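Enquirer: what follows is a protein structure lacking sequence information:
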C-alpha cells in the first residue's frame, strides 16, 4: 500500500488510488530504463571488460593458435575480457607472472618447479600440453629404436639446461644410462635439427611439433623417443601467481581458461580454423601452409593424452607432478633449490 502525503487543508485528488499507484510504478520503471541507458542516446551500457595481460612464448607461431582463435572469434570478449598478448621467454615470463605484472601465461612445468623452489609464487592452473613435447629424435636409418641405443651416440642439444636436459636425463635413466655415456654436442643457436639432417650428430633433442616434423617433410623417416611412459614430466600449461589467483581477477581467469579450452577443442576438430587464426596474426606463416598445418597437427596431438581423454581438456595430473618433483629433486645437479610439494605448484580452481 502506497502512503501519499498532502499539504494540510488541500483537497484530496480526484484521481483514484489505483491510478496513483500505477503512475508511481510507471515513474519507477522509467527511472530504471534511464539508469540502464548511456549518453544521450539511451542505448544499453555494456559491462566494463576486465583487462588481462597474457604471456605466450617468445616467438608468435601456429603453436599458439588456440589463443589467437579465442581472441578473433570473440570468445574472450564475450566472457568480459580485454586480452593483450605479450611474447616472453620462459624464465622471464614465470618471473613476471609471479610478480603479477602478467596475469596469466603459458610455461613449462619443468621450469615452474625450480622457480617455485626459489620462492616465486606461481601456480599451474590448466594443462595445455598433456604429452611432454621435449623429445629425442633421429633418422630411422640411424638404427636408433629406443633409449638403450643412445649409448655411445653423438647427441645434439642446445645446452645442459632446461626441459630438454631434464627430459634427456629421464630417458637415459630408464635404461641405466647417464649423459656421460653419450658424446654431448651443444648447439646454443638451436641448430641441432639441421645437424641431424646433415649427419653431424646421430640424434638430438627437440620438440615433437618442430624438428621431427621438419625432417619428415623433407622426406626423411624419423624415430621419436618420448618420456611420457617413463617419467611423466608436466608439459607447458597455463600459470598465474598465487596472489592473482586469489584476487579480484579470479573469475576473469576462470573465464579465460574456459574460452581457451573451447578454442583448443574447435581446432582439434578443424585444424584449418587454427591455422587461419595464426596466419591472421603472423601473415608469413601463410607462405607455407602445408608445413604450418603439419606443425599444428603435431601440436594438437600433444594437447591430448589418455589422462585428458578420461578427465577432460586441461586436466592436471597431480600424480605426474609428484613423480616429476621427485625425479628433478634427485638429479645430481638438481635445479630444485628447496623442497616443494604439488599443492605449492598446482591449483584446479580455474578448471571447468
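Expert: Nice, thanks for sending it over. Since the model is a prediction, treat every value here as computed from it, not as a measurement.
Enquirer: so, low pLDDT: which residues of the chain?
Expert: Residue ranges of the chain with pLDDT under 70: 1-45.
Enquirer: try it again with 50
Expert: 1-43 (pLDDT under 50).
Enquirer: break it down into its structural domains.
Expert: 50-131+236-345, 136-225 (automatic domain parsing).
Enquirer: just how off-centre is the shortest one within its chain?
Expert: Offset of domain 136-225 from its chain centre (C-alpha atoms, centre = their mean, to the nearest Å): 25 Å.
Enquirer: which residues are in contact with the strand or helix carrying residue 52?
Expert: Taking DSSP states H and E as the definition, one finds residue 52 inside strand 50-56. Contacts to strand 50-56, defined as C-beta atoms under 8 Å, 6 or more residues apart in numbering, come from residues 64, 67, 76, 80-88, 93, 96-97, 101-107, 249, 252-253, 256. No exception for glycine: its C-beta is placed from N, CA and C like everyone else's.
Enquirer: just the buried ones among those, please.
Expert: Buried members of the contacts of strand 50-56, scored by 16 or more other C-beta atoms under 10 Å, are 64, 67, 76, 81, 83, 85, 88, 93, 96-97, 102-107, 249, 252-253, 256.
Enquirer: so which of those sit within helices?
Expert: 67, 76, 93, 96, 97, 252, 253, 256 (DSSP state H).
Enquirer: Serialize those to TSV and add fields for distance to residue 208.
Expert: Listed next are those as TSV, based on distance: C-beta to C-beta, whole Å:
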residue	distance to residue 208
67	20
76	28
93	21
96	27
97	25
252	32
253	28
256	26
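Enquirer: and residue 151, what does it touch?
Expert: Applying C-beta under 8 Å, 6+ apart, the residues near residue 151 are 177, 181, 182.
Enquirer: closest one of these to residue 294?
Expert: Distance to residue 294 across these (C-beta to C-beta) is lowest for residue 182, with 29.0 Å.
Enquirer: wait, which of the domains of the chain is closest to residue 351?
Expert: That would be, of the domains of the chain and by C-beta to C-beta, domain 50-131+236-345, which comes in at 5.5 Å.
Enquirer: what about the closest one, distance to the chain center?
Expert: 1 Å.
Enquirer: report all helices and strands that the strand or helix carrying residue 216 contacts.
Expert: Secondary structure assignment for residue 216, by DSSP H and E: helix 211-217. With contacts taken as 3 or more C-beta pairs under 8 Å, 6 or more residues apart in numbering; DSSP states H and E, helix 211-217 sits against strand 134-139, helix 192-197, strand 222-225, helix 289-303.
Enquirer: which residues touch it?
Expert: 135, 137, 139, 192-193, 196-197, 204, 206, 222, 224, 290-291, 294-295, 298.
Enquirer: hang on, the earlier thing: please list only the buried members of the contacts of residue 151.
Expert: 177, 182.
Enquirer: and the contacts of residue 151 as CSV, adding secondary structure and distance to residue 346?
Expert: Below are the contacts of residue 151 laid out as CSV (DSSP: H, G, I helix; E, B strand; the rest coil; distance: C-beta to C-beta, whole Å):
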residue, secondary structure, distance to residue 346
177, coil, 30
181, helix, 34
182, coil, 33
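Enquirer: might one say that residue 172 is in contact with residue 150?
Expert: Yes - judged on C-beta atoms under 8 Å, residue 172 makes contact with residue 150 at a distance of 6.7 Å.
Enquirer: I'd like to know how far residue 109 sits from residue 239.
Expert: From residue 109 across to residue 239, the span is 9 Å (C-beta to C-beta, to the nearest Å).
Enquirer: I meant to write residue 221 there.
Expert: From residue 221 to residue 239 the distance is 37 Å (C-beta to C-beta).
Enquirer: report all helices and strands that the helix or strand hosting residue 239 contacts.
Expert: Taking DSSP H and E as the criterion, residue 239 maps to strand 237-241. When contacts are defined as 3+ C-beta pairs under 8 Å, 6+ apart, strand 237-241 sits against helix 90-99, strand 104-107, strand 122-127, helix 250-269.
Enquirer: contacts for the longest one, please.
Expert: By that I understand helix 250-269. With C-beta under 8 Å, 6+ apart, helix 250-269 has contacts from 50, 52, 54, 65-67, 69-70, 73, 75-76, 78-81, 83, 103-104, 125-126, 128, 238, 240, 244-245, 273-274, 296, 300, 303-304, 313-314, 349-352.
Enquirer: and the angle for the next helix or strand after that helix with helix 250-269?
Expert: Proceeding N to C from helix 250-269, the next assigned helix or strand is helix 271-281, under DSSP H and E. Here the directions of helix 271-281 and helix 250-269 differ by 120 degrees (axes from the mean of the first three to the mean of the last three C-alpha atoms, to 10 degrees).
Enquirer: helix 289-303 and helix 271-281, what's the angle between them?
Expert: Using the same axes, to 10 degrees: helix 271-281 against helix 289-303 is 110 degrees.
Enquirer: buried residues in helix 271-281?
Expert: Neighbour-count burial for helix 271-281 [16+ other C-beta under 10 Å]: 271, 273, 274, 275, 276, 277, 278, 279, 281.
Enquirer: then stretch 252-272?
Expert: 252-264, 266-268, 271.
Enquirer: now do the contacts for residue 76.
Expert: Contacts for residue 76 (C-beta under 8 Å, 6+ apart) come out as 52, 70, 82, 83, 255, 256, 259.
Enquirer: before we move on, what SS does the second one have?
Expert: The three-state assignment at residue 70 reads helix, by DSSP: H, G, I helix; E, B strand; the rest coil.
Enquirer: just give me the neighbour total for it.
Expert: Applying other C-beta atoms under 10 Å, we find 27 residues neighbouring residue 70.
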